[in-house]
Structure formats: C-alpha cells, structure tokens
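Colleague: no FASTA, just this:
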C-alpha cells in the first residue's frame, strides 16, 4: 500500500510541477515577455511519461492480488488463493473449486480426487488424460518432497474461438491427486504467472 501511495504522490507532484511551468510560460507569452515555447511538445512529453507511470500503477493494482487461505473439503491441504476472486463449485462437486475475478477472462481451478492408488512418481499419462485435446507447450518439470511429488507443465488449446493457455501443477500427495490450473487467453497469460507461482508455493499438506 505504501508503494502505491508513494507512486501516486510522485505522479501528482511531477505532473503539477510541469503544468505550473507550462502555465507560467503561457502567461509570459500572452503578456509579450517571451517567445512561445513548444507547448504542445512539452505537454505531449509530460502526458506520455506520466501516463505510462499511471498505467503501470493500475496494472500492478489489478494483477497483484491479496491472498487468502483455502482448505479443501477433506482437509488434505491448504493453499492461498486471490482474496477478491469469487469462488464457485460445479453442481455436486465440492472437491472442485474455481476462482474468478469480477473482470472475468481468467480462472484458477483446484481439483482434488481422494483415495487413489497413485504410483510414484506421478504418472505423465494421467496429465495427458486431463488435457486430451490440448498440447503441452513446456517440458514437464518434476518436483518431490515428503509424501508428495508433482509435475509442472503448461498446455495450450482452444476454449471456444480463442486460444487458451493453462498453467498447470499436477500433484500426488499420499493417496490424493491435486490438480491446480490457471487459464486465460494466450495474450494475457504472462500477467498471471507470478500469481500462479505464489499460489503453488503456498500449499501446505495436512
């Protein structure tokens, strides 16, 4: 919050400083004290520079979401999700939770299947089963820890007319399969990579 306030304060101070200079110069010209400076150029440079700062502030504010803890229905794990995103469940499927922001266009989905006889390491065939009509766009990266192992791999396909990318984490924890994905259109996916990594790194097993 302090960073946001400071950024806005700098924006307004500098904008007012340049505006004061341009206004003073205009007054001087109108009274014949000096030749007209390139006002349009000064205003254009000012607007381009500080509008860019304001856009950066607004985009940071939109995508840097606060996080809150979410616990799966069987209390197998706990994970952080965006605080202001709306949660929903498919009818009759409390083991699947989908989180979406009010502005839409992106989905974070956490799905858990319990009491499985999972082989170790987590099978890549299972990953392909989840995305039957999509193609992997990154290599599968394996990780492991105490009682868990996982595959990180991104996939791409079409959801309607738009090309969609899924950031995906497939986790085998004891007898449970946990699948975490974040999907949006291809053009916007890079904006959510940091958020997805924060969500994944926050998981705590019970």
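Modeller: Nice, I can see it. What you see is a predicted model, and the numbers here were worked out from it, not measured in a lab.
Colleague: flag every buried residue along the longest strand anywhere in the chain.
Modeller: Longest strand of the chain, by residue count under DSSP state E: strand 162-173. Across strand 162-173, burial judged by 16 or more other C-beta atoms under 10 Å covers 164-173. C-beta coordinates here come from the backbone N, C-alpha and C atoms, glycine included.
Colleague: how's the chain carved up into domains?
Modeller: Domain ranges of the chain: 2-62, 65-205, per automatic domain parsing.
Colleague: quickly, which of the ones you listed bottoms out on average pLDDT?
Modeller: Here the lowest mean pLDDT among these goes to domain 2-62, at a mean of 46.
Colleague: what about stretch 120-138, start to end distance?
Modeller: Taking C-alpha to C-alpha, to the nearest Å as the measure, stretch 120-138 stretches 22 Å from start to finish.
Colleague: let's have the chain start at 33 instead
Modeller: Sure, I'll start counting at 33 from here, so that last one is stretch 152-170.
Colleague: contacts for it, please.
Modeller: For stretch 152-170, the external contacting residues (C-beta atoms under 8 Å, 6 or more residues apart in numbering) are 172, 174, 176, 181-189, 197-198, 200, 202-204, 209, 211.
Colleague: go again with 6 Å.
Modeller: Stretch 152-170 has contacts (C-beta atoms under 6 Å, 6 or more residues apart in numbering) with 181, 183, 185-189, 202, 204.
Colleague: and residue 172, what are its phi and psi?
Modeller: Main-chain dihedrals, residue 172, degrees, to the nearest 10: phi -70, psi 130.
Colleague: contacts only, for it.
Modeller: Each residue near residue 172 by C-beta under 6 Å, 6+ apart is listed here: 183, 185.
Colleague: same question for residue 98.
Modeller: Contacts of residue 98 (C-beta under 6 Å, 6+ apart): residue 115.
Colleague: what comes up buried for the helix or strand where residue 139 lies?
Modeller: Using DSSP states H and E, residue 139 sits in strand 138-145. Across strand 138-145, burial judged by 16+ other C-beta under 10 Å covers 138-144.
Colleague: of these, closest to residue 101?
Modeller: Closest approach between those and residue 101, by C-beta to C-beta: residue 142, at 12.3 Å.
Colleague: check contacts around that closest one.
Modeller: Neighbour list for residue 142: 129, 212 [criterion: C-beta under 6 Å, 6+ apart].
Colleague: what distance do you get for it to residue 179?
Modeller: 19 Å (C-beta to C-beta, to the nearest Å).
Colleague: again with residue 139
Modeller: As defined by C-beta to C-beta, residue 139 lies at a distance of 28 Å from residue 179.
Colleague: and for residue 198?
Modeller: 26 Å.
Colleague: quick one: the helices in this protein?
Modeller: Secondary structure of the chain (DSSP state H): helices located at 34-62, 71-95, 156-162, 225-233.
Colleague: so for the shortest one, what gets flagged as buried?
Modeller: Just to be clear, that refers to helix 156-162. Here helix 156-162 shows 158-159 as buried, counting by 16+ other C-beta under 10 Å.
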